[in-house]
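# Let me see the structure of the following:
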Amino acid sequence: MTEVRPTQAASASLWEREQEVAAVEQAIDALRADQTSSGSVLVLRGEAGLGKTALLAETRRIAEARGCTVWSARGGETLRSVPFNVLRQLLQPALVSLMPEEAREYLGDWYDIAGPALGLTDPGERHADPQGVCDGLVAAVRRLARRDWPLVLVIDDAHWADQETLRWLAAFAERLDDLSVLVVVARRPGDISGESARHLDAVAAAADAPVTTLSALTPDATAGLTRATLGEHADAPFCREVWAVTGGNPYETVELLAKVQDSELEPVEAQAPELRALNRSARGGGLVARLEGLGIEATRFAWAAAILGTGISVGLVAKLATMSDEDAVRCAELLRNARILTEPDPAAVPADHGDLEFVHPLIASAVYNSIPPALCTAMHGIAARVVTDSGLGAAMASRHLLQVHPDDDEELVEQLREAAREHLAVGAPDAARRCLERALLEPPRPESHARVLYELGCATLLTAPATTVDHLQSALAMPGLDGAERVDAVIRLSQALIHNDQLEDAVRTVEAEAARHEPGPAQLRLQAVQYMWEGIHAGEASSPGRSERLADLASTCTGRDNSERALLILRGFDAMTHGENAEVVVELSDRALVNGRLAPGLGWTDTEWGVEILMMLASSYTYTDRLDRAESLFTEALRTYESAGWSGGHLALAHAFLGMEHRRRGRLREAEATLRESLRIAERVGRGLPLYWSATCNLVDTLLARGHVEEAWEIAEQYGFAPPYPSTIVLPDPRSVRGRLLLAVGRTQDGINELEAAEKAASARGHHNPVMVPWALDLARALSTQDPARAAQLATDARRRAERFGTDTAIGEALRCAAALETGQRAVRLLAQAVTYLEASPCQYEHAAARVEYGIAARSVAEIQRGLGLARSCGADGLVAQAREVLETGRGLR
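Now for the predicted structure:
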């Protein structure tokens, strides 16, 4: 057989690629020039066989020749269901060189989060947050990249990469501003859809230059390649036919010319008609015929290699193909000589342990597709056992199990369930979903069917809440879920309904289940969840008698277990929103704690209750002027989520509520920074969710307090802070905040209308807390000239409610509002009282505003200067400007 000349083949694939190679060289030189420069992304796109792989090989050669470190990986058509497969390939050179303690040192806090996805450490028992794992992987690779500068990352066949790797790649590519790394990605056009396509589009958007689209060889280039391979005597008609047969595809041209050499065909016009037959033998059915010509054992070996797809070794293939190691070595050699498989240098890696790969993805696809369907299915089943017996785990075997035909095999169901658990533990819920959906097709036995549906519902909760609802409703309609497990499933179903914007259905679901139970811990837990969902519902009216029933139920609670503690929290939150006395709210909230701390099982990452109940607790402290306790809880949430790697919706919500606490305290700069971070994270999770509204509403409120009115309006416009409002409660009240915004931008009547809508909604819900729902204070000021009588009544009612609630902030703000409707000494006296209350309040922005207003009314330079100092420390730029203007004019001041 004619010897293959690899140097010639490699150079052949680079014909007419001078511009692309020059772009690679330029990018590598820029990388090497300055370690402090930003990174860059190059994306190569082309159909199969147009030379993407050859360009990446040339990229590696150039980079290594110029002193760069290169990490490379390749996607596989049959491997897209293996989470983090491509990323693990990519990082293998870096990870292999690290001892375990070195890996922990390099990855730092991210080790326990990113380590399981990379195979460095065993996963924990809790489901990993996919966004947290992604962020951890980005941080891990950034740290490793700084160690190995100048670094080039090369990813081939990215259209076949697993979704988890593509998610990481998109996030990594967007964070190269301060990391000097070159990322080169090759992909085919099309061949991908859904989330994976979106991630690849994000990678392309991060590229410094437009995506490079490779084209086929021209007739002249094909002629040059033909003569370089076969000799200068190849005539023009023959060369033209080579181009016509291959369409200028570099891979097909190289393979066809190799066949011409093998067949000793003369490259002249008279032999040109033979080219089409030769080309057919080099691809598709012809390739299969060539494979079969090597014998049945070589064919079985090639089939087994195609089934494995990755991590192919002669020993592993021998087990799958049920042949001896000696026969396997011989088959591997035959397939290498036939340009079907390639293997590493035997001097470096023993043949029975060495990795194998197909010469080209087109060959791998052709071989895999040539396996008879029934045999293919059977071989995947055998492969699953081989992989499991090799100690690689259920998750690695699961991609083979997915291909096995359903056969009422309970063992397979259990293997898929175990694989799903492993996938969830490393942050790959989509892979878990595929395993559990396949398990349902087996199908499971009646006694475990409901549990599989329940596990599937848990896996899809955040990614597909509508599907989750169907799964969990089906599970609950079957026998098999009893006791605490059934209660868990009902609560999980209610959470899915909430995520699917079906809050009323969520309430009815837990209410109906609670009615099925006798009085006891299970019923109490369900009742607590029911009241929780009702408590966050922002509908037009609350359930009649709800607060009274909740108060009666909570009155029997001592806080002896978490169900009772949850009810105490809910009662306290309900009392806070209704404007009951703040001391009552605080007493109820304190009773829900254990020695001043959250009870075990009721922590920020405990899934039994969810985050909502704890946010209610901390919000109760926020609006009762116990900001130290609120800040402690919100800071603990932030720290807990960051250390656990929960960097999706939970982290966004923690930032939003901590920002709200900063805003209440008067740390307006810190509030703005924290809320912008919340909004950034919320953008990744998805618009329209309650957490998104929390971030936007609090940011608008903070910018208004800072006096940045135009910026507040831009945020509102950019992020859709306008009706319709979400079905869940948002703190502070979004209608009140938007009404204030409209007044600030000069749309007075629109602002009044919005505040009156806030009044109507708050009255229907019984929300009379004047700090949480401050519509009355702004509406009274807005109506002071056009309807002074109503304005006065609003101010009087607001003061009455504030005194009932009893916090210094509420009373001080009501006094400020009343003063705004007065003149002369009456206004001065009211503002003096407001200052007294607000000075005792932890809310320093409101104190600063009252000081400035009091100074202006009393014409006191000293008081205005005191207010100015407070405003500066708060970051209230608008208030600072107002105070300065009065001081600079000096009219009537003393």
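# quick one: the closest residue to Glu759 other than its chain neighbours from Leu794, how far?
Leaving aside its chain neighbours, Glu759 sits nearest to Trp775 (5.4 Å; criterion: CB to CB, 6 or more residues apart in numbering). C-beta: built from backbone N, CA, C; applies to glycine. Distance, Trp775 to Leu794, by CB to CB, to the nearest Å: 9 Å.
# Ok, Glu101 next?
Taking CB to CB, one finds Glu101 at 66 Å from Leu794.
# which of those two has more neighbours?
Neighbours were counted for Glu101 and for Leu794 using other CB atoms under 10 Å; Leu794 has more, 26 against 8.
# any chance you could map the strands in the protein?
Applying DSSP state E to the chain gives strands spanning 40-45, 69-74, 151-156, 181-187, 212-213, 312-313, 341-342, 355-358.
# For these, give me a markdown table that also has mean neighbour count and mean pLDDT.
Shown next, in a markdown table, are the strands of the chain (neighbours: other CB atoms under 10 Å; pLDDT from 0 to 100):
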| stretch | mean neighbour count | mean pLDDT |
| --- | --- | --- |
| strand 40-45 | 23 | 89 |
| strand 69-74 | 20 | 88 |
| strand 151-156 | 24 | 92 |
| strand 181-187 | 25 | 91 |
| strand 212-213 | 16 | 84 |
| strand 312-313 | 22 | 81 |
| strand 341-342 | 21 | 84 |
| strand 355-358 | 19 | 80 |
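# show me what contacts the closest residue to Ser736 other than its chain neighbours?
Leaving aside its chain neighbours, Ser736 sits nearest to Trp775 (4.3 Å; criterion: CB to CB, 6+ apart). Listed by CB atoms under 8 Å, 6 or more residues apart in numbering, the contact set of Trp775 reads Asp733, Arg735, Ser736, Gly739, Leu755, Ala758, Glu759, Ala762.
# Show me the residues you listed that map onto helices.
Arg735, Ser736, Gly739, Leu755, Ala758, Glu759, Ala762 (DSSP state H).
# ok, how many other residues are close to the nearest residue to Gln473 once chain neighbours are set aside?
Spatial nearest neighbour of Gln473, excluding adjacent residues (CB to CB, 6+ apart): Leu493 at 6.6 Å. When neighbours are counted by other CB under 10 Å, Leu493 registers 25.
# For Ala637, see how far away the residue of the chain most remote from its centre is.
With CA atoms, centre = their mean as the measure, the chain has its most outlying C-alpha, relative to the mean C-alpha position, at Ala270: 61.6 Å. Between Ala270 and Ala637 the computed distance is 81 Å (CB to CB).
# and what of Pro373?
52 Å.
# Equivalent analysis for Gly659, please.
Taking CB to CB, one finds Gly659 at 12 Å from Ala637.
# cool, and Ser448?
36 Å.
# neighbour count winner among those two?
Taking other CB under 10 Å, Ser448 and Ala637 do not tie; Ala637 has more neighbours (26 against 17).
# Now the more buried one: closest residue in space, sequence neighbours ignored.
Closest to Ala637 by CB to CB, 6+ apart is Ala654, at 4.2 Å.
# And for the one you found, the neighbour number?
30.
# what do you get for Ala871?
With other CB under 10 Å as criterion, Ala871 counts 29.
# List the residues that contact the residue nearest to Gln473.
Leu493 makes contact with Gly457, Thr468, Val469, Leu472, Gln473, Leu476, Ala506, Thr509 under the criterion CB under 8 Å, 6+ apart.
# can you tell me which of the residues you listed are in helices?
Using DSSP H, those in helices are Gly457, Thr468, Val469, Leu472, Gln473, Leu476, Ala506, Thr509.
# Surely the first one and Pro465 touch.
No. Under the criterion of CB atoms under 8 Å, Gly457 lies out of contact with Pro465, with a separation of 9.7 Å.
# Quick check: neighbours shared by the two?
Ala496.
# got any ranges where the stretch 601-750 of the chain has weak pLDDT?
Residue ranges of the stretch 601-750 of the chain with pLDDT under 70: 686-688.
# And the most centrally placed residue in the chain, how close does it get to Gly649?
Taking CA atoms, centre = their mean, the centroid of the chain lies closest to Gln131, which sits 3.6 Å from it. According to CB to CB, Gln131 stands 8 Å off from Gly649.
# Could you give the number of residues near Gln502?
18.
# Let me see the contact set for it.
By CB under 8 Å, 6+ apart, the neighbours of Gln502 are Val469.
# Kindly recompute the last result at 10 Å.
By CB atoms under 10 Å, 6 or more residues apart in numbering, Gln502 lies in contact with Pro465, Ala466, Val469, Ser494, Ala496, Arg508, Thr509, Ser727.
# per-residue confidence at the fifth one?
This points to Ala496. In this model, Ala496 is scored at 87, pLDDT.
# ok, back up a step: what is the most widely separated pair among the contacts of Trp775?
Gly739 and Ala762 (11.7 Å; CB to CB).
# Mutual contacts of these two, please.
Both Gly739 and Ala762 are in contact with Asp733, Pro774, Trp775, where contact means CB under 10 Å, 6+ apart.
# re the thing from before, doesn't Glu642 make contact with the residue nearest to the centre of the chain?
No. Gln131 lies out of contact with Glu642 (CB atoms under 10 Å); the separation is 12.0 Å.
# any common contacting residues for these two?
With CB under 10 Å, 6+ apart, Gln131 and Glu642 have common neighbours Leu651.
# so where is the chain shaky, pLDDT-wise?
Across the chain, the ranges flagged by pLDDT under 70 are 1-13, 191, 281-286, 343-354, 462-463, 538-543, 686-688, 891-892, 894.
# can you do 50?
Along the chain, segments meeting pLDDT under 50 span 1-10, 345-353.
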